[in-house]
Structures are given as structure tokens and as C-alpha cells.
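Visitor: missing the sequence, but the structure's below:
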């Protein structure tokens, strides 16, 4: 591209120089020739005036007297009636330009100048024009190189940016070049890089959330299937199979919820449901794990509370809190329900040491963990709670108390009138 820009610019300059240079040479040559002829004519008129003046004053007209009146490189011949011709200067050889004038006393004056003087002057003019043309070409080449670099370098940068995007590095460069068209391309590439970065982040987040959220249901399902393989009692097999099917349904709900959250975290299917059912389901699911750890899990508080949300999402939030207490807490874990204002609250607490002071409010940030865990359980739980219009908070650090706040009133459904613009 650089070479093409330089070649095209140089071609344009050469064409301009050829057109205007040839025209200028022709005009200057004619001007120099006409100027030389006018000088010779003026010389002849001047000499005639001098001769006439001397003749009228009855003075002698000699070569010595006229020699100082004839310009160097010119030759003059004065013919006076009754006298020998008077020659001044050296007669030029070859082609000459001349002028001849007649005076009042009948004398004639002829002035000649060699055409080589015109040739030398035209040559000097051509040399000046050639030097100017050469300077123009050099300036054009330098300007073309500068412009080529100004255009080619940004294109190279943009190509590298596009290649980097294709190789999986979506960092925007935020580099601009002062050329509106190129800056527009850079804006589009930066916007694409940011979108790709968001998409990759969302995919990685979905993979991490899926790995974390599916671990517990899969473990529970595996335990039920193991129970089935270890027993020959049909009633036990039927009971365990029913529980396993329930686990499969929960697993399906978890997957669906993760996919929905990945597309739009604000999208939910909130309904009014009984909190006791979700809490009892979690207690039944986690009691075996707590018994294995020599600990207990209990529930208390206000019964028959109804809340607005997605039962599957609320179950996942409670499962994250219960698992967090199992891994990081100690003693008995208690789920207590209460009412505050228009909200139903489920508090999850244990008798462990609580949340370290250095974690504090950062406990809900991703990758933040008090031990060697993934650090995304509480972050996912808060996202799930907020997706249904609720909120998850740490109410107390030592011992740890987490509260899930859910609305008790279903949101008003939007009507067609809500969609109409207000007319003022």
C-alpha cells in the first residue's frame, strides 16, 4: 500500500510538472526572444538618435565615438551618405537577431546580436525550472511517504487488533489515529472487543456457576442411586427412586435457572409459594450430610409463610447457605423464618466462629473465600436472590447470620396502558 500511494502521488506530480513545465518553457522561450528583439530595436533607435544629433551639430561620427554607445556582444553598422560605413563591435557569426533604423539625415543603423545569447538565457531559465521541478518531486515523494505511513500504520494496527480478537484476546486498545474513517473502524473494533470480553466472561461465569450449583444435586442423586443398588426391598427402591426423580427435577430446574440467568439475570418466573415446603425439602436433603459430620440442622420461626419468587431459585440460595455453614461453620445450623414489613425473611445461622473480619462485606464477591473453596457459592446465591426481586445479606458476622429477604406481595402485572406513551 505504501508503494502504491507513493507511486500514485509521484505520477500525479510528474503529470502536473509535464503539463505546466512544457507550457512554461514555451512561454518563457517566446518571452526571452521577444525581449531580446525589443532590446536590439531599442539599441538601433538610440544609436540613430545619437548619429542624428551629431550630424545636425556638424560633428564627426566615428567608430571611436560610438564604441561606448554599443552594448557588449552586439554589432552595429552605421551608413552615412557620402561616407564609408562605420562598424562597431565584432560581427557575430551564425544566426543573429537584428534591427535596422533610418535617421533624418538619410543614415541607416543596423544592430545585430548573436542568437546564442537567447539560447544561454533560455538554458538558464530551463535550469531554474528543472530545479524547481526536482524540488517539487522530492517534496511530493516525502509528502507521499508521510501520508502513506499515516494511513498504512493505522491499518497495520487495526489488522493486528482484528487478529488479536480472532485469537481470543478481546482487550480493546482505545487507540485513535486522527483519520475519521480509521477512527470509526477502531471504534467498531473496540466495541466488538468489549462485547466479546463480556461474552467470554459470561461463558466462564456460567461454567463456574454450573460446576458449583450442579455439584450438590448430583451428589445427592448419586447417593440415592447407590441406596437403590444396595437394597433388595421393593418399597425402599420405590422410595429412593421417587426421591431420585425429585433430585432430577431439581437438577433440571438448576440447569434451566442457570441458562436463564446467563441470558438475562433480570428474567424470572416469580410466583407466590409456601416457604415451609422449600425449607422442609432442604432439611430433608441436607440432614444425611450433617449427620455424617456429627452435626444437626433444624428450623424454627413463623410457619405457613408465603413469599414471592422462584421456588427453585430460593432452594438454590438456601442450599448455598446451608452448604456454606457445613463447610465453614460449626455446631447446629438453624433456619428461622420471620416477617419484617412486607417481606418474609429466612435466616440461616450456625454456632461456628463466623466470618473473618478481613472478609467483611466482601464475602459476596466472587473468588472470595475463607478457606480453600471456589468462593462463588454466595455470589451465585446473591445473584439468584436479586433476579427474583429479593436480596441476600449478611446480618451478623460472628456467629455468621445470613438473611434471605423475599417479598410477600406479587408485583403488579403490566397492562397495555403501561406500554402506551404519555401524551402531554
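Guide: Cool, got the structure. From a predicted model like this one, the values you see are computed outputs, not experimental measurements.
Visitor: ok, residue 387 to residue 364 distance?
Guide: Using C-beta to C-beta, to the nearest Å, we find residue 387 at a distance of 14 Å from residue 364. All C-beta atoms are positioned from the backbone trio N, CA, C, and that covers glycine.
Visitor: the two: who's more crowded?
Guide: Between residue 387 and residue 364, counting by other C-beta atoms under 10 Å, residue 387 is the more crowded of the two (21 against 18).
Visitor: could you check how far the more buried one is from residue 340?
Guide: Residue 387 sits 21 Å away from residue 340, taking C-beta to C-beta as the criterion.
Visitor: ranges for the strands of this structure?
Guide: 75-79, 86-88, 96-102, 108-114, 271-274, 297-301, 306-309, 333-340, 343-349, 391-396, 401-407 (DSSP state E).
Visitor: between those strands, which one is nearest to residue 34?
Guide: Using C-beta to C-beta as the measure, strand 96-102 is the one of those that comes nearest residue 34, at 10.4 Å.
Visitor: partners of that closest one in the sheet?
Guide: strand 108-114 (antiparallel) (DSSP bridges).
Visitor: let me see the residues that make contact with the strand it pairs with.
Guide: Taking C-beta atoms under 8 Å, 6 or more residues apart in numbering as the criterion, the residues outside strand 108-114 that touch it are 36, 39-40, 43-44, 47-48, 51, 70, 73-79, 91-103.
Visitor: one step back: and the strands of the chain as TSV, adding distance to residue 155, mean pLDDT and mean neighbour count?
Guide: Output for these, formatted as TSV (distance: least, C-beta to C-beta, whole Å; pLDDT from 0 to 100; neighbours: other C-beta atoms under 10 Å):
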stretch	distance to residue 155	mean pLDDT	mean neighbour count
strand 75-79	69	87	20
strand 86-88	73	86	18
strand 96-102	60	87	17
strand 108-114	61	88	22
strand 271-274	56	88	14
strand 297-301	65	92	16
strand 306-309	54	90	22
strand 333-340	62	93	17
strand 343-349	59	94	22
strand 391-396	50	90	16
strand 401-407	55	93	22
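Visitor: got JSON lines for the ones you listed, with distance to residue 288 too?
Guide: Output for those, formatted as JSON lines (distance: least, C-beta to C-beta, whole Å):
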{"stretch": "strand 75-79", "distance to residue 288": "133"}
{"stretch": "strand 86-88", "distance to residue 288": "137"}
{"stretch": "strand 96-102", "distance to residue 288": "125"}
{"stretch": "strand 108-114", "distance to residue 288": "125"}
{"stretch": "strand 271-274", "distance to residue 288": "24"}
{"stretch": "strand 297-301", "distance to residue 288": "10"}
{"stretch": "strand 306-309", "distance to residue 288": "26"}
{"stretch": "strand 333-340", "distance to residue 288": "14"}
{"stretch": "strand 343-349", "distance to residue 288": "18"}
{"stretch": "strand 391-396", "distance to residue 288": "25"}
{"stretch": "strand 401-407", "distance to residue 288": "22"}
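Visitor: mark out where each domain of this protein begins and ends.
Guide: 2-138, 170-263, 264-407 (automatic domain parsing).
Visitor: of those, flag the one that's most buried.
Guide: domain 264-407 (a mean of 18; mean count of other C-beta atoms under 10 Å).
Visitor: what about the stretch 51-200 of the chain, any weak spots by pLDDT?
Guide: For the stretch 51-200 of the chain, applying pLDDT under 70 flags the ranges 200.
Visitor: where do the helices sit along it?
Guide: In chain order, the stretch 51-200 of the chain shows helices spanning 63-67, 116-166, 180-230, with DSSP state H, counting those that start in this stretch as the criterion.
Visitor: turn the ones you listed into TSV, columns for distance to residue 290.
Guide: As requested, the helices of the stretch 51-200 of the chain are arranged in TSV below (distance: least, C-beta to C-beta, whole Å):
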stretch	distance to residue 290
helix 63-67	136
helix 116-166	49
helix 180-230	13
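Visitor: so which of these comes closest to residue 24?
Guide: Checking those against residue 24 by C-beta to C-beta gives helix 116-166 as the closest, at 6.1 Å.
Visitor: could you say what helices and strands that closest one packs with?
Guide: Packing contacts for helix 116-166, counted by 3 or more C-beta pairs under 8 Å, 6 or more residues apart in numbering; DSSP states H and E, involve helix 2-56, helix 180-230.
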